[in-house]
Structures are given as C-alpha cells and as structure tokens.
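> Quick check, what structure comes out for this input:
(chains A, B, C and D)
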2 protein chains.
Amino acid sequence: MLPMKSRYALKALVHLARFGGDAPVPVSAIAQAETIPAKFLEAILLELRNAGILASRRGKGGGYTLLLTPEKIGLGNMIRLLSGPLAPLPCLSKTAYHRCPECVDEGTCAVRLLMAESHAAMLASLDQTTLADLVRRIERAAGWGFKDIASCI
Amino acid sequence: MLPMKSRYALKALVHLARFGGDAPVPVSAIAQAETIPAKFLEAILLELRNAGILASRRGKGGGYTLLLTPEKIGLGNMIRLLSGPLAPLPCLSKTAYHRCPECVDEGTCAVRLLMAESHAAMLASLDQTTLADLVRRIERAAGWGFKDIASCI
DNA sequence: CTTAAACCCTAGCATACAGGTAGACTATCA
DNA sequence: TGATAGTCTACCTGTATGCTAGGGTTTAAG
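Reported below is the predicted structural model:
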C-alpha cells in the first residue's frame, strides 16, 4: 500500500498545480479542500519545501507555491522522496540497491525473477509521469465524466 | 516491499516444485537450502497447507509435498493469501476493494489515476504467472548463466 | 505596535505489523 | 521406545505509520 504521506503529497501538489497560481496557498486551504489532517499536511509540505520542490512564504497572506514547473516534477521521485524506494525488493531498487542477505544466488532467485517484470513496468509508468501529465489526466477525467479508468490512461 | 513471508513462501514452493518429487520434503531441508529461519518457515508452510496448496505428512520421513500441480498455482493469489491485497490503494484492489474515506471524488482522484496503470501491469504479470512458469524461468536463467535480467523474462 | 494569520520546529504517542522465537504436544516409523 | 517431524499456542521486540500538541517566529494589515 502506498503510504498516506505520499497520497496526501500527491493530492496537495495537484491542488497547487491546478488552483495555485502565483499567490501562495495556505496549508489550511489545501487541507480543507482535499480532506487531509492539517498538521500532518504541514509536515509533508515542509519536507517538499526542504527538497526544493515547493517555496513557502510565512506570515499573513503566506502559504506554499510550486517552485518547479509541473513538467519538471517527476512523480516517481516524489514518492521515493517521501516514502523511500519504490522497489518490491532491495535487489531490484534503482536508487537503493543492496543484496538480500538470505539470497543464495541473485541470478536465479525466484522472487527476483518473479518481481522484475512488473517492477520494470511500474518504474516505466511512475518515472515517466510528471505532475503536468497527471493534471492533464485529471482534467480529462473530470471533463469527460468518469466512466472507466481505462479511458483515463 | 514484498514481505519476507511471501518471499520465503515463493522460494519454498519453487524448491518443492524443483526438488520435491513424490517424497515429502521436511521443513528443515528447505530452510537449510534456502537459508530461511526454520520455525518461521514452519508457520508459513502450515498456512499454505491450510489453504490447500500443500500436503503434509507427520512423523519420521514426513514433510511437505505440493498438493496442486505447479501449473495450477497462481503466484498472484499466493502472495495475496500470505500478505494481503496486491493493490497500492484500497480503491484499486480487485479482491478487497473499498473506498478511501478521505477521497473527495474517486473518478478524478490524482492518486488513483497515477497508480492505476502500473498496478494493472503488475496484476497482468503476477496473476498470469504460475509456479510452473517461474520454475521454467529459473532453469533458463541457471542454464544460460546470468547475464541480464531482461533476458530472463 | 498590536494582532492575527501563517509557516517552522520539536516532541510525543497509540496502534499495528513485521519478523521472528519458545516450548509443548502429537503423529509416524524403525 | 526413541528419534524424527508436523501442529499449535503464545509471546516478544523493534520499527513504521499516522497522526496530535504546543510552542516559536515571521509577516502584513489595521
């Protein structure tokens, strides 16, 4: 399961991309619109700011804005940033590879051979999708009315 | 990350399919060959037996055997059985669907739209692979010598 | 200059799950 | 009858998740 932290972050980024122009959006506004616990979201947005994805302004009239354009925000890396490696096995991780200590022979490991294919597909999907792509997908789904998820891919 | 429970189970099943003929294989033998903690593996094999995938014989000369042929053991369901749903979101689960309580509109949910594609790919891979397929893949990898994981898919 | 809005930062906390371990009991075979 | 091997119950420890509390600090507006 994708942790709530990453889910909330995704929703918040999409919210900023869609509704936040140049004016900063306060945490409370995002929290309310997306039904996310405000204090928790605060911590998440702070992490994104420290990672250089968001900019913040303090004080009255403050809030968060995107620091990068949506085209430059890769969602695979977003999730990695907040919730660690995407791989189902340490020995399949692109960014945090390490051998499984119990594995007798990595080359013929059943688990690795089973998971490799689907993990590659997942990487291909997540690492090539940007925030801009996702927003487009959402607006198509919203415009068309929702019928089938297959039509939104 | 795929839990150790499922990883151990996969290795044990492959071991049984490859090296266990009609004669029962004791837990200790599998545990040693695959470097799995014996008592933990015991519990796992018991679950597989209760699920109707393995048969057991007690006492001296006892052990576990496959109850189903490897062609009939689907690995997606295997993992579901031991570690719960495969889906990254409750609202994408084929076998355990339920709405995310915080989701404003499922049809235009950013997280769902992002994960749907890669999850579908994962299902396509795991739910169509049987134990027999995996064993074939392993023997090809073993026979050819390991060069690149891509050549083993 | 005060007040209210907002981010910043540190702590803590309840629950659940992962990944086991221990030990007694029972069945089977030589 | 002893050794082997599955069955069952119980427990345990560490770590992660998903938050909440509460203070501090900055900023803008009145």
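> Can you point out the buried residues in the helix or strand hosting A:Ser118?
Assessed by DSSP states H and E, A:Ser118 sits inside helix A:110-126. Across helix A:110-126, burial judged by 16 or more other Cβ atoms under 10 Å in any protein chain shown covers A:110-123, A:125-126. In this view, the C-beta of every residue, glycine as well, is placed from N, C-alpha and C.
> what about the helix or strand that it is followed by, distance to the chain center?
Using DSSP H and E, the helix or strand that follows helix A:110-126 in sequence is helix A:131-144. Taking Cα atoms, centre = their mean, to the nearest Å, one finds helix A:131-144 lying 15 Å from the centre of the chain it belongs to.
> one step back: tell me the average confidence for the helix holding A:Ser118?
Averaging pLDDT along helix A:110-126 gives 97.
> I'd like the distance between the closest residue to DNA strand D within chain A and A:Pro24.
Per Cβ to the nearest atom of the strand, A:Gly59 is where chain A lies closest to DNA strand D, at 2.3 Å. A:Gly59 sits 10 Å away from A:Pro24, taking Cβ to Cβ, to the nearest Å as the criterion.
> Equivalent analysis for A:Arg140, please.
Counting by Cβ to Cβ, the gap from A:Arg140 to A:Pro24 is 28 Å.
> Neighbour count: those two, which is higher?
When A:Arg140 and A:Pro24 are compared for neighbours, A:Pro24 comes out ahead with 18 against 13, by other Cβ atoms under 10 Å in any protein chain shown.
> shouldn't that one be in contact with A:Ser56?
Yes: the criterion here is Cβ atoms under 8 Å, and A:Pro24 meets it with A:Ser56 at 7.4 Å.
> hey, what's in contact with both of those two?
With contacts taken as Cβ atoms under 8 Å, 6 or more residues apart in numbering or on different chains, the residues that reach both A:Pro24 and A:Ser56 are A:62-65.
> Can you list which of those residues are found in strands?
Secondary structure defined by DSSP state E assigns A:63-65 of these to strands.
> which residue ranges form the helices in chain A?
Under the criterion DSSP state H, helices of chain A are mapped to A:4-19, A:27-34, A:38-50, A:75-83, A:110-126, A:131-144.
> Please tabulate those helices in CSV, including the columns distance to DNA strand C.
Below are those laid out as CSV (distance: least, Cβ to the nearest atom of the strand, whole Å):
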stretch, distance to DNA strand C
helix A:4-19, 11
helix A:27-34, 4
helix A:38-50, 5
helix A:75-83, 15
helix A:110-126, 12
helix A:131-144, 19
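> Worst mean pLDDT among these?
Among the helices of chain A, helix A:131-144 scores lowest, with a mean of 94.
> Counting neighbours, what do you get for A:Arg99?
Neighbours around A:Arg99, by other Cβ under 10 Å: 9.
> what sits against it?
A:90-91, A:106.
> Give me the pLDDT value at the residue lying farthest from the centre of chain A.
Most distant from the centre of chain A: A:Val104, at 34.3 Å, with distances by Cα atoms, centre = their mean. What the model reports as pLDDT for A:Val104 is 90.
> Now it: closest residue in space, sequence neighbours ignored.
B:Thr35 (6.4 Å; Cβ to Cβ, 6 or more residues apart in numbering or on different chains).
> Kindly identify which of the shared contacts of A:Pro24 and A:Ser56 also come near DNA strand D.
Of the residues in the shared contacts of A:Pro24 and A:Ser56, proximity to DNA strand D by Cβ under 7 Å from any atom of the strand holds for A:Gly62.
> looking at it, A:Ile138 is touching B:Gly107, isn't it?
No: using Cβ under 8 Å, A:Ile138 makes no contact with B:Gly107, being 9.5 Å away.
> Compare the two and say which is more crowded by neighbours.
Neighbour totals were compared for A:Ile138 and B:Gly107, and A:Ile138 leads with 22 against 17 (other Cβ under 10 Å).
> Nearest spatial neighbour of the more buried one, chain-adjacent residues omitted?
B:Thr108 (5.3 Å).
> Return the distance of the one you found relative to A:Ala141.
From B:Thr108 to A:Ala141 the distance is 5 Å (Cβ to Cβ).
> Next: A:Ser93.
31 Å.
> These two: which has the busier surroundings?
A:Ala141 (21 against 17).
> Tell me the backbone dihedrals of A:Ala96, please.
Main-chain torsions, A:Ala96, degrees, to the nearest 10: phi -140, psi 40.
> what about it, neighbour count?
Other residues close to A:Ala96 by other Cβ under 10 Å number 11.
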